[in-house]
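A.B. asks: Output the structure for:
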Amino acid sequence: MNRDQMTTKIANGDGFIAALDQSGGSTPKALRGYGVGDDEWNGDDEMFARIHEMRSRVITSPSFGCGKVIGAILFEKTMDGEVDGKPAADALKERGVVPFIKVDQGLAEEQNGVQLMKPLDKLPALLEKSVAKGMFGTKMRSVIKSANPAGIAAIVAQQFEVGNQIADAGLMPMLEPEYDITAADRAEGEKILRDEVLKGLDALPEGRQVMLKLSIPVEPGLYDPVIAHPAVLKVVALSGGYSTEEACEHLAKNAGMIASFSRGLLQDLRKDQSGADFDGALGKAIDAIHAASVAG
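C.D. replies: From the prediction side, this is the model:
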């Protein structure tokens, strides 16, 4: 797939985006869920090798290439590695899956009810490498904890500022101002977030597009104006801690929003499953997430 083909795939593709981008902080938990105990690896190199084995197994599983997964978000070390003897991005594109790369470097301490991204001092080098490896886009996460207008405005401003740097480098930015689904005031705060995002979209240079990765809103259809905005290529949803069943139930109420799940995709996969059982469990999750993504 060339860039135009990948753009069309994301804009019009009948499917969802898999989130395979667990980084250092979240990898041990992901490995435990997969059935790999902390005593089965020693140090970061072995930890990342084990998670790469899991991701490679997912990507090469028959159900992953069924056409219902249109994109996948990778961690840098996964992008740098090989899958089935090929560079990870090439392996994905051969299966009809558009590759994205996680570029943030973690979260800053909470201030004004939000956690901004830490300074992205490695971003220029990572973008250059990502372009060279044939990646299509990026993803970067920050988190909203409460309906603080100043905090939400700051988090959206940071996302768009960095997003423009990414677009200037030739990649499609996926902005992810996640709203903590446990926040008591989420319904109120998501309206503030929507309005700030619309301001940011209106301020983009003419012809520029971005993607958004957002928590599934409390109020179904809340992000319809964002989905319809001409500067938006696609709006995707994070599972945010919901189980597959819960996330799919909520997502299905939001037409035009597709999934980009991690836990919801991987929760039933185990290292000791046979190839058939592994693919069956993955395929069941893919079918459910796909159905929710195309509902409405």
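
A.B. asks: can you count the residues close to the closest residue to Asn254 other than its chain neighbours?
C.D. replies: Once flanking residues are discounted, Asn254 sits nearest to Pro220: 5.5 Å by C-beta to C-beta, 6 or more residues apart in numbering. No exception for glycine: its C-beta is placed from N, CA and C like everyone else's. By the criterion of other C-beta atoms under 10 Å, Pro220 has 16 neighbours.

A.B. asks: For Lys253, see how far away Pro220 is.
C.D. replies: The spacing between Pro220 and Lys253, counted by C-beta to C-beta, to the nearest Å, is 4 Å.

A.B. asks: same deal with Ala89?
C.D. replies: 33 Å.

A.B. asks: Give me the more crowded residue out of those two.
C.D. replies: Shown here are Ala89 and Lys253; by other C-beta under 10 Å, Ala89 has more neighbours (23 against 15).

A.B. asks: Tell me who's in contact with that one.
C.D. replies: Shown in contact with Ala89 (C-beta atoms under 8 Å, 6 or more residues apart in numbering): Leu74, Met79, Pro99, Lys133, Gly134, Met135.

A.B. asks: which pair in those spans the largest distance?
C.D. replies: Leu74 and Gly134 (11.8 Å; C-beta to C-beta).

A.B. asks: between the two, which one's more packed in?
C.D. replies: Leu74 (27 against 18).

A.B. asks: next one: phi and psi at the more buried one?
C.D. replies: For Leu74, the backbone dihedrals (degrees, to the nearest 10) come out as phi -110, psi 150.

A.B. asks: Test my guess that Tyr242 contacts Ile181.
C.D. replies: Yes: in this structure, Tyr242 is within contact of Ile181 by C-beta atoms under 8 Å, at 7.0 Å.

A.B. asks: Residues that sit against both of these two, list them.
C.D. replies: In contact with both Tyr242 and Ile181: Ile216, using C-beta under 8 Å, 6+ apart.

A.B. asks: okay, the two: which has more neighbours?
C.D. replies: Ranked by neighbour count (other C-beta under 10 Å), Tyr242 and Ile181 place Tyr242 first, with 20 against 17.

A.B. asks: my read is that one is in a strand, agree?
C.D. replies: No: counting by DSSP: H, G, I helix; E, B strand; the rest coil, Tyr242 is not found in a strand; it is coil.

A.B. asks: start at 568 instead
C.D. replies: That works, and once the first residue is 568, the last one we named lands at Tyr809.

A.B. asks: how far away is it from Gly831?
C.D. replies: Counting by C-beta to C-beta, the gap from Tyr809 to Gly831 is 7 Å.

A.B. asks: what are the ranges of the helices in the stretch 568-717 of the chain?
C.D. replies: 570-579, 594-601, 610-627, 643-647, 655-661, 690-699, 716-735 (DSSP state H, counting those that start in this stretch).

A.B. asks: Of the ones you listed, which is nearest Ala826?
C.D. replies: Ala826 sits nearest to helix 570-579 of all the helices of the stretch 568-717 of the chain, at 13.2 Å, using C-beta to C-beta.

A.B. asks: can you list contacts of the one helix or strand in the chain whose mean pLDDT sits lowest?
C.D. replies: Across the helices and strands of the chain, mean confidence by mean pLDDT, DSSP states H and E is lowest for helix 830-833: a mean of 82. For helix 830-833, the external contacting residues (C-beta under 8 Å, 6+ apart) are 585-586, 597, 600-601, 625, 806, 808-811, 814-815, 849, 852-853, 856.

A.B. asks: Just the buried ones from the residues you listed?
C.D. replies: The neighbour count (16 or more other C-beta atoms under 10 Å) marks 585-586, 597, 601, 625, 806, 809, 811, 814-815, 849, 852-853, 856 as buried among the contacts of helix 830-833.

A.B. asks: Quick check: the farthest pair among those?
C.D. replies: Tyr601 and Cys815 (21.0 Å).

A.B. asks: about what we covered before: any common contacting residues for Tyr809 and Gly831?
C.D. replies: Common neighbours of Tyr809 and Gly831, counting by C-beta under 8 Å, 6+ apart, are absent.
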